[in-house]
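>>> Let's see this in three dimensions:
(one chain, ligands or ions: 3)
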Amino acid sequence: MRKVAEPIPAMASPPGHNVTIVCVLQALCLIPLSFILGPMPDSLKITFAPLGSAPSGLAVILAASDLALSKTAAALLASAKDLLARAAAADGFKGKSGSFLDIVAPEKVAASRLLVAGTGKPADWKELDVIRLGGAICGRLPDAVTEATILADTVAGPLSADQAADLALGLRLRFYAFDRYKTKKKDGDEGPKKRSVTILVADEKAARKAFKSREGIADGVDVARDLVNEPPNVLSPPEFARRASALERLGVDVEILGEKEMKKLGMGALLAVGQGSRKESQMVVMRWDGGKDGAAPVCLIGKGVCFDTGGISLKPGEGMQDMKGDMGGAAAVVGAMHALAARKAKVNAVGIIGLVENMPDGNAYRPGDILTSMSGQTIEIINTDAEGRLVLADLLWYAKGRFEPKFMINLATLTGAIMVALGSEHAGLFSNDDELAQNLTASGLATGERVWRMPLSPEYDKLIDSQFADMKNTGGRYGGSITAAQFLQRFVGDTPWAHLDVAGTAMNSVKNDLNRSWGGGWGVRLLDRLVADACES
Ligand code: BES
Ligand code: MN
Ligand code: ZN
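Residues are numbered from 1 along each chain as shown. Ligands and ions are numbered 1, 2, ... in the order given. You can find the predicted model right below:
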């Protein structure tokens, strides 16, 4: 059943890591490097050094509300009396959180350029404030600057090791840009090419250690972003599965099941969705065993519709290109598994993704078809565009039966209706378990990947009763996200379960201090945090 994973060239090393061996190649054959490789990948190198070291390149200092500076920042400016006060007055800069002051070529200062970042009141900082500050700083570094030094010190004292690492995490999250398919970079294209940032911090050893786990998380986010951004001609179900198998390098056990294996399991719902595609449907099961031997795992389950045309119930053409992102749930699961394995989380976690392409075709499934799911329950198809719930029905049933999880969470770009309800700042949360729902809500607030609980209630079940089968795959016009969730609930039994409808968040993601990418990697940090807080501590 297991397919052996082959090494993967492009995806395996997460963005931000560079290949140096090729320089040797270049020296040998004197062909321009970019000719052999295409454009060099962007890279951001983050290092930590002790506070008080001389800054190199652009210096970033933190100024609190009343322009109050730390001792180290004040020392840096000591020989340029009044510089900050005069520049701030000229620019109306008051040290407000989120505001910046740029001072080019400051006289008598040991830095070519100063970037003053307003912090508001550092005493009031929450973790997310510091991460966002890092992101904002990264976004503010001018294109021409390849080297920068951040003085991680405020009037309230030096940043803790965790805070310095959070600042670095923010830089990493903001730095990402998906430009693999741009052969020319235009002026104004977001995102730097190569950059090295040093963070000056009180305890640099502790900060380095604290950053290690966060780096794994940032890598996981970038893995998810790459998957969501990748075009559908490249990222077919088999290619997605192949990329997921790169997790084996981190010690994750990866199984790939094809159509034959899924047929044996009776996954008639998932398989129907992919039957109109030339690409083989796949299920990938990823296991990270970092917890106690035999302890029930948590299951993370993702909808991976690599492209959703709607099938025979074809979608309108306008905007259809966005449906390459209909695998955002699966991408988040792979990214989260990456994060957990990279930081060696003390948990048993299983990631399960269903990868299909929903196409119109002579062999496609039809409205009117009646499918038999793995659970044995039958489903009348009303609309082939309500395909995500069919994929998840078999995944949830499989997860529950094989792993008897402590809890399971599925992520799916499931309904347009959730965007009508919540827009793009919250994912919809549906759960049969209050504790799990509360934990997810808390993790959302901590990471900024927020969720909003929506109702489940048996009354809605009427809306998906079918006259021919056990249920139909769509409800009526109203409450579309809720009827989709009610449908899923029929496949989870008593297992504590949460469904995140990420249609508004995982693709066409909001651009903010921590993300500039269409595929924002939404959900990776949420899941990682949930596991850390609910399972590891
Ligand atoms: N993948 C879509 C949902 C979606 C829409 C995600 C917009 C992201 C942005 C899903 O498969 C779908 O087509 N849902 C239908 C369900 C309907 C036919 C009951 C929808 O939301 O319109
Ligand atoms: Mn659809
Ligand atoms: Zn879909």
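>>> what's the distance between D361 and G310?
Relative to G310, D361 is positioned 12 Å away (C-beta to C-beta, to the nearest Å). (C-beta placed from N, C-alpha, C; glycine too.)
>>> The two: which is more packed in?
Under the criterion of other C-beta atoms under 10 Å, the comparison of D361 against G310 puts G310 first, with 18 against 14.
>>> wait, that one sits on D385?
Yes - using C-beta atoms under 8 Å, G310 is in contact with D385, at 3.8 Å.
>>> where does A49 land in three-state SS?
strand (DSSP: H, G, I helix; E, B strand; the rest coil).
>>> if we can go back for a sec, now the common contact residues for G310 and D385.
The contact sets of G310 and D385 overlap at N358 (C-beta atoms under 8 Å, 6 or more residues apart in numbering).
>>> what's near enough to touch the residue in the stretch 351-500 of the chain positioned nearest to ligand 1?
Closest to ligand 1 within the stretch 351-500 of the chain is G416: 3.4 Å, counting by C-beta to the nearest ligand atom. For G416, the contact set (C-beta under 8 Å, 6+ apart) comprises G480, A503.
>>> Over to A393?
A269, L270, S373, M374, S375, Q377, I379, F487, L488, R490, F491.
>>> Let me see the confidence value for it.
We have a pLDDT of 99 for A393.
>>> Go ahead and name everything in contact with stretch 197-213.
Identification of contacts with stretch 197-213 by C-beta under 8 Å, 6+ apart yields 44-53, 55-56, 72, 138, 141, 147-153, 158-162, 164-165, 167-169, 171, 342-343.
>>> switch to 7 Å and redo it
Contacts with stretch 197-213, where a contact means C-beta atoms under 7 Å, 6 or more residues apart in numbering, come from 44, 46-51, 53, 56, 148-152, 158-159, 161-162, 164-165, 167-168, 171, 343.
>>> Of those, select the buried ones using a ChimeraX command.
Listed next is the ChimeraX selection for buried residues among the contacts of stretch 197-213, using 16 or more other C-beta atoms under 10 Å:
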select :44,46,48,49,51,148,149,150,151,152,158,159,161,164,165,167,168,171,343
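>>> Just the ones of the contacts of stretch 197-213 in helices?
Judged by DSSP state H, the contacts of stretch 197-213 include A161, D162, A164, A165, L167, A168, L171 as members of helices.
>>> out of those, who's nearest A68?
Comparing the ones in helices among the contacts of stretch 197-213 against A68 with C-beta to C-beta picks out L167 as the nearest, at 18.6 Å.
>>> Just the element for the residue in the stretch 101-250 of the chain that ligand 3 sits nearest to, please.
Nearest residue of the stretch 101-250 of the chain to ligand 3 (C-beta to the ion) works out as P232 at 12.4 Å. Using DSSP states H and E, P232 is not contained in any helix or strand.
>>> Just the pLDDT for S34.
Residue-level confidence at S34 comes out at 50, pLDDT.
>>> meant to ask about K81, not that
So K81 comes in at 85 (pLDDT).
>>> What of K193?
Model confidence at K193, given as pLDDT, is 73.
>>> List the contacts of whichever residue of the chain sits closest to ligand 3.
Across the chain, the shortest distance to ligand 3 (C-beta to the ion) belongs to D308, at 3.7 Å. By C-beta under 7 Å, 6+ apart, D308 lies in contact with M323, D326, N358, E387.
>>> if I look at it, how far off is L390?
Distance, D308 to L390, using C-beta to C-beta: 12 Å.
>>> ok so, going back, now intersect the contacts of D308 with the strands, please.
N358 (DSSP state E).
>>> Now flag whichever of the contacts of D308 is closest to G448.
Proximity of these to G448 (C-beta to C-beta) peaks at D326, which lies at 23.5 Å.
>>> quick one: that closest one from D433, how far?
Note on D326: its distance to D433, by C-beta to C-beta, is 27 Å.
>>> who's more crowded, the two?
Neighbour count, other C-beta under 10 Å: between D326 and D433, D326 has more, with 28 against 15.
>>> returning to that earlier point: can I get the ones in helices among the contacts of stretch 197-213 in TSV with pLDDT and distance to ligand 1?
Below are these laid out as TSV (pLDDT from 0 to 100; distance: C-beta to the nearest ligand atom, whole Å):
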residue	pLDDT	distance to ligand 1
A161	98	40
D162	98	36
A164	98	37
A165	98	34
L167	98	33
A168	98	32
L171	98	30
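>>> quick check, nearest of those to A446?
Distance to A446, by C-beta to C-beta, is smallest for D162 among those, at 13.0 Å.
>>> ok, the residue lying closest to V531 once chain neighbours are set aside - contacts?
What sits nearest to V531 in space, not counting adjacent residues and going by C-beta to C-beta, 6 or more residues apart in numbering, is V347, at 5.3 Å. V347 is in contact with G290, G291, V298, L340, V531, C535, E536, counting by C-beta under 7 Å, 6+ apart.
>>> three-state assignment of the closest residue to ligand 1 within the stretch 51-200 of the chain?
Using C-beta to the nearest ligand atom, the single residue of the stretch 51-200 of the chain nearest to ligand 1 is F178, 18.4 Å away. Secondary structure state of F178, per three-state DSSP, is coil.
>>> With T447 as the reference, measure out to it.
For F178, the distance to T447 - C-beta to C-beta - is 21 Å.
>>> go on, D369?
Distance of D369 to T447, computed by C-beta to C-beta: 40 Å.
>>> if you count what's nearby, which of those two comes out ahead?
A direct count of neighbours by other C-beta under 10 Å for D369 and T447 places T447 higher, at 22 against 17.
>>> Report the distance from the strand or helix carrying K212 to the chain centre.
Assigned by DSSP H and E, K212 belongs to helix 204-229. Helix 204-229 sits 11 Å away from the centroid of its parent chain (C-alpha atoms, centre = their mean, to the nearest Å).
>>> How about stretch 228-238?
Distance, centroid of stretch 228-238 to centroid of chain: 16 Å (C-alpha atoms, centre = their mean).
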